[in-house]
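>>> sequence first, then the predicted structure:
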Amino acid sequence: MKTAKKFIVKGRVQGVGFRYFTEKIANSIGVYGYVKNMYNGSVEVYAIGTELQLKNLKEYLERGPSFARVDRVLEEDMDVYDYYSFSVKF
């Protein structure tokens, strides 16, 4: 069963390849949705997948790419919308 979550990633997560890292991971584990930078310096991830897929994604978000520093990952349950791929939003 597919569920959806929104993750807000805080720390040094902009300008370090975080969105492309997230896109690569999401595509590799079969998650749909998007990732985008927020004006406050955080990164928002909307993801659709199974509970296990979303758990795995969150573990990757907590680590981030090598130049990132992740301080916190907030998680919120969301409604499932029609996404059939994972993309970077600008």
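It's in. Numbers count the residues shown, from 1 in each chain.
>>> next SSE downstream of the helix or strand containing residue 20?
Assigned by DSSP states H and E, residue 20 belongs to helix 18-29. Sequence-wise, the next helix or strand downstream of helix 18-29 (DSSP H and E) is strand 32-37.
>>> measure residue 45 to residue 83 for me?
Between residue 45 and residue 83 the distance is 12 Å, computed by Cβ to Cβ, to the nearest Å. The way it works is simple: take the backbone N, C-alpha and C, and place the C-beta from them, glycine included.
>>> with residue 51 instead?
In terms of Cβ to Cβ, residue 51 sits 17 Å off from residue 83.
>>> neighbour count winner among these two?
Using other Cβ atoms under 10 Å, the more surrounded residue of residue 51 and residue 83 is residue 83, with 15 against 11.
>>> correct me, but the more buried one touches residue 49?
No: using Cβ atoms under 8 Å, residue 83 is not in contact with residue 49; the gap is 10.3 Å.
>>> so where do the strands sit in the protein?
Under the criterion DSSP state E, strands of the chain are mapped to 3-12, 32-37, 43-49, 69-78, 86-89.
>>> residues in contact with the residue nearest to residue 41 when sequence neighbours are not counted?
Leaving aside its chain neighbours, residue 41 sits nearest to residue 14 (5.9 Å; criterion: Cβ to Cβ, 6 or more residues apart in numbering). The contact partners of residue 14, by Cβ atoms under 8 Å, 6 or more residues apart in numbering, come to 37, 41, 43.
>>> ok, and the closest non-adjacent residue to the first one?
In other words, residue 37. Nearest to residue 37 is residue 14, by Cβ to Cβ, 6+ apart, at 5.3 Å.
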